[in-house]
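Enquirer: no sequence on this one, just coordinates:
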Ligand code: AMP
């Protein structure tokens, strides 16, 4: 027997209309290239969203067309998210930190018809434009008065593009499985791959991400997404904040600048924020060096890469609790979140420390399992490490326009490329990327655990472990450290420090100090580049 409930499509339009009617006075504050303190309400935002939708329709853009953005976290990018998706087009957020050749590939692969670009990236597009045959025009995210001189063809200032447009728009009725947005993920090999989100997947992800034991968002929240809107939709916050009526604070291009972040947190009373470990490191360094405080900031989500305990402790000294989240572009991105459960309140410190660095339990909607090399499921015993597979309604079923894709198996499980253990209570621990795994004498060594242990040394600013070939053990770990210039430290000190913190056979065979570590366009340490840099390394 079928239920007798209405079959209403789950669309981003419904989030927009709900926010417009119920949270019209909710605030959005942004830093942009042309205004360090822009503020308006959700009602203002959605009025301009309707003007933008009219402007796009006038240019002949149709449902399904892709429109690219190379933009920071700010209110105009927010307007693009809604105008493009709710009109039935696809908002394609491009990471401007990628190599120009990758950006060219991505824009051509997606066949974007228009590109909306922050003034900062205009020179980059000027060099590429002759190799972008599908692009009909460019809109620079600024006012007519501040429009830079540009050789971009058919170039508009955003404010001119929308200014004379009507403030009403007849939103189309969309199928909930229609595509709404597109984000390319750059793997370690081959071309970047497109993840095409649907309205349905986005709404379901939004609902779950706002739950109390996930992000716990409400109309009383003031949220500052530091994670870029070009990196998996700022982890969904551009949808979840309006859905509940939270105030949104967008840091614009200043997202890794401790001073700007501190100013915004204090001025806007930000209570919740999200970002990769690198941004929290920048914030902690700034607070430590200036003695400034961030009293309103209570909780942040840290994800995108493993977070060392030492960073969590440093943030806690400033009154900020860090919740680890795990996910990926292909997962919209939320997979698991490590929140502080009431049962843990009375735990001894070492137990809390051990627990809090883990990836936490998978959220409702995401199924997880770990498998061995033959694909057989491994036990949830907290010890067996295997390839992590996931499935759920906001996980990609295949990449955009890629026939060679085998990331989803016959039973419908997506291969995350991560290695993990799952404890009996469901807690997930990411031990490595499969491609970064170090196998020594047939046993796996977790580079993440060694890195976290090394980061606790006061003389270590950043640490990375890579596997190097070894005559006897096939591979052995090599520890690379960016030393903290405030502390006198030798390579051997770091190795000695690790002795009682990791298994003896995990002990790196050498530690090498370096000036910097290579990072990817999303701010993670690039192990691929590190391995290339050290390919001729000889063990001492
Ligand atoms: P991206 O698609 O760029 O967001 O990268 C996703 C990848 O980042 C995952 O597959 C993991 O390898 C890594 N990652 C994300 N969150 C965590 C975490 N909490 N701990 C360790 N690795 C993480």
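Expert: In hand now; what should we look at? None of the values given here were measured: they were computed from a predicted structure. Residues are numbered from 1 along each chain as shown.
Enquirer: stretch 488-500: which residues count as buried?
Expert: Applying a neighbour-count criterion of 16 or more other C-beta atoms under 10 Å, one finds 489, 494-495, 497-498 buried in stretch 488-500. The C-beta positions use only the backbone N, C-alpha and C, and glycine is treated the same way.
Enquirer: do stretch 220-239 as well
Expert: Buried residues in stretch 220-239 (16+ other C-beta under 10 Å): 221-239.
Enquirer: next helix or strand past the worst-scoring helix or strand of the chain on mean pLDDT?
Expert: The helix or strand of the chain with the poorest confidence is strand 443-445; it has a mean of 84 (mean pLDDT, DSSP states H and E). Sequence-wise, the next helix or strand downstream of strand 443-445 (DSSP states H and E) is helix 447-455.
Enquirer: what does the chain put close to the ligand?
Expert: With C-beta under 6 Å from any ligand atom as the criterion, the chain meets the ligand at residues 185, 232, 303-306, 324, 326, 328-329, 333, 359, 416-418, 430, 433, 522.
Enquirer: out of those residues, list just those in helices.
Expert: residue 232 (DSSP state H).
Enquirer: give the contact list for whichever residue of the stretch 101-250 of the chain sits closest to the ligand.
Expert: Nearest residue of the stretch 101-250 of the chain to the ligand: residue 185, at 4.9 Å (C-beta to the nearest ligand atom). If a contact means C-beta atoms under 8 Å, 6 or more residues apart in numbering, then residue 185 has 192-193, 195, 328-330 as its contacts.
Enquirer: one more: residue 61?
Expert: Contacts of residue 61 (C-beta under 8 Å, 6+ apart): 67, 87, 89, 113-114.
Enquirer: ok, now with 7 Å
Expert: When contacts are counted by C-beta atoms under 7 Å, 6 or more residues apart in numbering, residue 61 touches 67, 89, 113.
Enquirer: ditto for residue 210
Expert: By C-beta under 7 Å, 6+ apart, the contact list for residue 210 reads 217, 240, 243-244.
Enquirer: can you do 8 Å?
Expert: For residue 210, the contacting residues are 216-217, 240, 243-244, by C-beta under 8 Å, 6+ apart.
Enquirer: now, which of those lie within helices?
Expert: Per DSSP H, the contacts of residue 210 map to helices at 240, 243-244.
Enquirer: residue 319 touches residue 300, doesn't it?
Expert: No: Residue 319 is beyond contact range of residue 300, at 11.2 Å (criterion: C-beta atoms under 8 Å).
Enquirer: between these two, which one's more packed in?
Expert: residue 300 (24 against 12; other C-beta atoms under 10 Å).
Enquirer: so where is the stretch 51-200 of the chain shaky, pLDDT-wise?
Expert: 187-189 (pLDDT under 70).
Enquirer: how about the helices of it, start to end?
Expert: All helices of the stretch 51-200 of the chain, identified by DSSP state H, counting those that start in this stretch, fall at 75-86, 100-110, 122-128, 158-163, 199-209.
Enquirer: which helices and strands does the last one pack with?
Expert: So the one you mean is helix 199-209. Judged by 3 or more C-beta pairs under 8 Å, 6 or more residues apart in numbering; DSSP states H and E, helix 199-209 is in contact with helix 12-22, strand 179-185, helix 237-244, strand 334-338.
Enquirer: what residues are up against residue 72?
Expert: 32, 118, 228-229, 250-253, 255.
Enquirer: which of those sit farthest apart?
Expert: Farthest pair in the contacts of residue 72 (C-beta to C-beta) is 32 and 228. Separation: 14.4 Å.
Enquirer: contact partners of stretch 263-275?
Expert: 29, 31, 215-217, 221-227, 234-235, 237, 247, 249, 251, 255, 293-304, 325.
Enquirer: what number of residues lie near residue 274?
Expert: Residue 274 sits with 23 neighbouring residues when counted by other C-beta under 10 Å.
Enquirer: mind checking the SS state of it?
Expert: Recorded secondary structure, residue 274: strand (DSSP: H, G, I helix; E, B strand; the rest coil).
Enquirer: and it, how far is that from the ligand?
Expert: 12 Å (C-beta to the nearest ligand atom, to the nearest Å).
Enquirer: ditto for residue 87
Expert: 27 Å.
Enquirer: picking up where we left off before, out of the ones in helices among the contacts of residue 210, who's nearest residue 453?
Expert: Using C-beta to C-beta, those come closest to residue 453 at residue 240, 34.4 Å.
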